[in-house]
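Q: Sequence and computational prediction follow.
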Amino acid sequence: MEEFDYIIVGAGSAGCVLANRLTENANTSVLVLEYGGSDRNVIIQMPTAFSMPMNTKTYNWKYETLPEPGLKGRRVHCPRGKVLGGSSSINGLVYVRGHARDFDEWDELGAKGWGYANCLPYFKRSEGFEDGGDEYRGSKGPLSVTNGNRMTNPLYGAFVDAGTEAGYIKTEDPNGYMQEGFGPMHMTVKDGVRWSAANAYLRPAMSRANLEVRTKAMTRRILLKDGRATGVEYEKGGKIRSVRARREVIVSSGPIGSPHLLQRSGIGPAAVLKKAGVEVLHDLPGVGENLQDHAETYIQFACKEPITLNSKMGLIAKGLIGMRWLLFKDGLGATNHFEAGGFIRSSPDKEWPDIQYHFLPAAVRYDGKKPIKGHGFMILTGPNKPKSRGYVRLRSADPHEHPDILFNYLDREEDRKGFRDCIRLTREVMAQPAMARFNKGEIAPGAYLQTDDELDDFVRDNLESTYHPCGTCKMGTDDLAVVDPELKVHGLDGLRVVDSSVFPCEPNGNLNAPTMMLAERASDIILGKPLLPPENAPVGSAPGLGASQRSAAPKVQV
């Protein structure tokens, strides 16, 4: 049987980081198994085209939820990357670390050692920020971070100004000292090209003799013997093969794939495994539980001036954008268009922001479908600290059969109220003088929808996933914890999980950045290296800001 020191299952955001860092020592051999194929395709590498790989079966697992009770039985698309780079090759490229208190919250929930001071040096090690490094930002890391086209469209600046007119603050860097407020957003782009985990980490390491990457390889199960993971069984080219891990098997298959693989291997809740006809080898109740996701809804407005991307939706316009990008790697093809955003608290009693804004100078669905006629812009928003929880549960031992996925969106009243707050606070921002030049009136939900019941009904019909699932292999020490703070699976040797499935709860932001930070720190833990010393950089806050909010105010007419 073939042997490697480490076997990494999944070449996604975490797996690519681990492959690079673990093979920096030439004496350490690593095998990466990835079911998807190459990422060398223009629709992946061109930032503006992100909605295409996100909806292409070749690059996307195409998961779909069970009928969601809180959404009138709707099934929701749950895309996950099936390609080198994983979801970092098909996502919206947004780079948001999360608020400092999110990581302190992890530590408080049992993920000891994962507080902000411990995580900050690994964010910095990962990052190559275009504006240079300081006590918050890294400038020499492999992951390039930029602001796209520097907010040249005037709608971005108007949105930020409207936020300050509504009583919030302006932040120059939501990934630095002050997340809270309105300001520029950052993206994983380098020289106009998507800078995925594959481009940043995996490809530079693939020339090393001690790294082998096998694509089109479906990992069927983890091999266990006497309480230890000894290797994996995988399928490639119609043949089933086995490979041994001298040191460890590391599962980095994501918040859907990782629990599904553990369950297929006989690791998980006994009742769930038995129902699927899988022998229980290690009863671990939390595997697949604690599933959570950021959800959002769109608030669309007509625009008075012909400056939005809605005029760029035709084939000729798209062709010109694509041609310019192919020739020069710049222009509208070199950005994800989410160049401005905001983070605010929904009420004065919140300690840190729990609402996020993605501003887009176009009125179109997140997947690129159903653009409005004429010109418009939109704000994508939702509560970033959801309370509703769901699960991932296998149906059988067949790795090709998708598991049952249920997020239980809007199961909790806190989440339903959170969406109502998002809509009302957004309307208030859009009613400010800075937007008067552009705002021609609300398209959706429509100003006529005002009551709690009306807004709840709109959200049930239009809620979409922000594609930030996490939590299904929770890190901690409680009864539902799957891995300990060193990311070792409880009760087993030689087996770790390293990806966003281990997040105890959602951070206030997009998940790609914290996933790569997690893998950076995990690589040092796995190799037994001294951890980077904690960095106690001060964290900005806006005391008293919530008092100026009017989420409970009378109805706002727009």
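A: Looks like it came in fine.
Q: what helix or strand does the closest residue to residue 246 other than its chain neighbours sit in?
A: Nearest non-adjacent residue to residue 246, counting by C-beta to C-beta, 6 or more residues apart in numbering: residue 5, 5.0 Å away. Where C-beta positions appear, they are placed from N, C-alpha and C, glycine not excepted. Element membership for residue 5, per DSSP states H and E: strand 2-9.
Q: other SSEs contacting that strand?
A: Strand 2-9 is packed against helix 13-22, strand 30-33, strand 228-236, strand 239-251, with contacts defined by 3 or more C-beta pairs under 8 Å, 6 or more residues apart in numbering; DSSP states H and E.
Q: could you give the angle of that strand to strand 239-251?
A: 60 degrees (axes from the mean of the first three to the mean of the last three C-alpha atoms, to 10 degrees).
Q: Give the buried residues for strand 2-9.
A: The neighbour-count check on strand 2-9 (16 or more other C-beta atoms under 10 Å) flags 4-9 as buried.
Q: which intervals of the stretch 151-300 of the chain have sub-threshold pLDDT?
A: Across the stretch 151-300 of the chain, nothing is flagged by pLDDT under 70.
Q: can you map out the helices along it?
A: 154-165, 197, 203-205, 254-264, 270-275 (DSSP state H, counting those that start in this stretch).
Q: for residue 442, helix, strand, or coil?
A: strand (DSSP: H, G, I helix; E, B strand; the rest coil).
Q: What's opposite it in the beta bridge?
A: Beta-bridge pairing for residue 442 (DSSP bridges): residue 301.
Q: is it true that it touches residue 298?
A: No. When contacts are counted by C-beta atoms under 8 Å, residue 442 is not listed as touching residue 298 (11.3 Å).
Q: Pull up the gap between the closest residue to residue 534 other than its chain neighbours and residue 50, please.
A: With C-beta to C-beta, 6+ apart as the measure, residue 117 is the residue that lies nearest to residue 534, at 3.8 Å, once sequence neighbours are left out. Note on residue 117: its distance to residue 50, by C-beta to C-beta, to the nearest Å, is 33 Å.
Q: These two: which has the busier surroundings?
A: residue 50 (25 against 17; other C-beta atoms under 10 Å).
Q: what about the more buried one, distance to residue 383?
A: 24 Å.
Q: do the same with residue 352
A: 13 Å.
Q: neighbour count winner among the two?
A: More crowded of residue 352 and residue 383, by other C-beta under 10 Å: residue 383, with 25 against 21.
Q: which residues does the more buried one bridge with?
A: residue 355.
Q: Does it touch residue 416 like I think?
A: No. Contact between residue 383 and residue 416 fails when scored by C-beta under 8 Å: they sit 9.3 Å apart.
Q: From residue 296, how far off is residue 99?
A: Residue 99 is 18 Å from residue 296, by C-beta to C-beta.
Q: Also residue 360?
A: Counting by C-beta to C-beta, the gap from residue 360 to residue 296 is 12 Å.
Q: what's the overlap in contacts for the two?
A: Residues touching both residue 360 and residue 296 by C-beta atoms under 8 Å, 6 or more residues apart in numbering: residue 380.
Q: give me phi/psi at the closest residue to residue 178 other than its chain neighbours?
A: Computed as C-beta to C-beta, 6+ apart, the closest residue to residue 178 that is not its neighbour in sequence is residue 540, at 3.3 Å. Main-chain torsions, residue 540, degrees, to the nearest 10: phi -70, psi 150.
Q: about what we covered before: residues touching the residue nearest to residue 534, list them.
A: Residue 117 neighbours (C-beta under 8 Å, 6+ apart): 534-537.
Q: Can you point out the buried residues in the longest helix belonging to the chain?
A: Of all the segments of type helix in the chain, defined by DSSP state H, the longest one is helix 413-430. By neighbour count, and taking 16+ other C-beta under 10 Å as the criterion, the buried residues in helix 413-430 are 415-430.
Q: Only alpha carbons, please: show it as CSV.
A: Presented in CSV, the C-alpha positions along helix 413-430 are these (Å, rounded to 0.1, in the frame of the first residue of the first chain):
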residue,chain,number,x,y,z
GLU,A,413,-37.6,34.7,16.1
GLU,A,414,-34.3,36.4,16.6
ASP,A,415,-33.4,35.7,13.0
ARG,A,416,-36.8,36.8,11.7
LYS,A,417,-36.5,40.1,13.6
GLY,A,418,-32.9,40.4,12.4
PHE,A,419,-34.1,40.5,8.8
ARG,A,420,-36.8,43.1,9.6
ASP,A,421,-34.1,45.3,11.2
CYS,A,422,-31.9,44.9,8.2
ILE,A,423,-34.6,46.1,5.8
ARG,A,424,-35.7,49.0,7.9
LEU,A,425,-32.2,50.2,8.7
THR,A,426,-31.3,50.0,5.0
ARG,A,427,-34.3,52.1,4.0
GLU,A,428,-33.2,54.7,6.5
VAL,A,429,-29.6,54.8,5.0
MET,A,430,-31.0,55.0,1.5
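Q: Please tell me the pLDDT value assigned to residue 557.
A: Listed pLDDT for residue 557 reads 39.
Q: Likewise for residue 553?
A: So, for residue 553, pLDDT stands at 43.
Q: what's the helix or strand for residue 123?
A: Residue 123 belongs to helix 116-126, assigned by DSSP H and E.
Q: next one: that helix to chain centre, how far?
A: 18 Å (C-alpha atoms, centre = their mean, to the nearest Å).
Q: Please identify the buried residues of it?
A: 116-126.
Q: which SS state does residue 521 fall under?
A: Reduced to three states by three-state DSSP, residue 521 is helix.
Q: With residue 529 as the reference, measure out to it.
A: For residue 521, the distance to residue 529 - C-beta to C-beta - is 10 Å.
Q: For the two, indicate the residue with more neighbours.
A: Using other C-beta under 10 Å as the criterion, residue 521 and residue 529 rank with residue 521 on top: 25 against 11.
Q: show me the residues around the closest residue to that one other than its chain neighbours that make contact.
A: Leaving aside its sequence neighbours, residue 521 sits nearest to residue 122 (C-beta to C-beta, 6+ apart; 4.4 Å). Contacts here follow C-beta under 8 Å, 6+ apart; on that basis residue 122 touches 517, 520-521, 532.
Q: confidence score at residue 122?
A: So residue 122 comes in at 98 (pLDDT).
Q: likewise residue 328?
A: 97.
Q: burial count for it?
A: Residue 328, neighbours per other C-beta under 10 Å, totals 11.
Q: quick one, what contacts the closest residue to it other than its chain neighbours?
A: Residue nearest to residue 328 in three dimensions, not counting chain neighbours: residue 192, with 7.6 Å by C-beta to C-beta, 6+ apart. Shown in contact with residue 192 (C-beta under 8 Å, 6+ apart): 47, 325, 328-330, 333-334.
Q: Could you do residue 75 as well?
A: 64-68.
Q: quick one: which of those is nearest residue 504?
A: Closest approach between these and residue 504, by C-beta to C-beta: residue 65, at 21.9 Å.
Q: my read: that closest one touches residue 402, true?
A: No. Here residue 65 does not reach residue 402: they are 10.4 Å apart, not a contact under C-beta under 8 Å.
Q: more neighbours, these two?
A: residue 65 (21 against 17).
Q: Pull the number of nearby residues for residue 279.
A: Residue 279 - counted by other C-beta under 10 Å - has 9 other residues nearby.
Q: Got the phi and psi for it?
A: phi -70, psi 130.
Q: Quick check: closest non-adjacent residue to it.
A: Using C-beta to C-beta, 6+ apart, the nearest residue to residue 279 is residue 266, at 5.2 Å.
Q: Contacts only, for that neighbour.
A: Contacts of residue 266 (C-beta under 8 Å, 6+ apart): 221, 224, 273, 278-282.
Q: dump the residue contacts of the closest residue to residue 533 other than its chain neighbours.
A: Distance criterion C-beta to C-beta, 6+ apart; nearest residue to residue 533, sequence neighbours excluded, is residue 121 at 7.0 Å. Contact analysis of residue 121 by C-beta under 8 Å, 6+ apart lists 532-535.
Q: do you know how far the most centrally placed residue in the chain is from residue 340?
A: Residue closest to the average C-alpha location in the chain (C-alpha atoms, centre = their mean): residue 511, at 3.1 Å. Plainly put, residue 511 is 20 Å away from residue 340 if you go by C-beta to C-beta.
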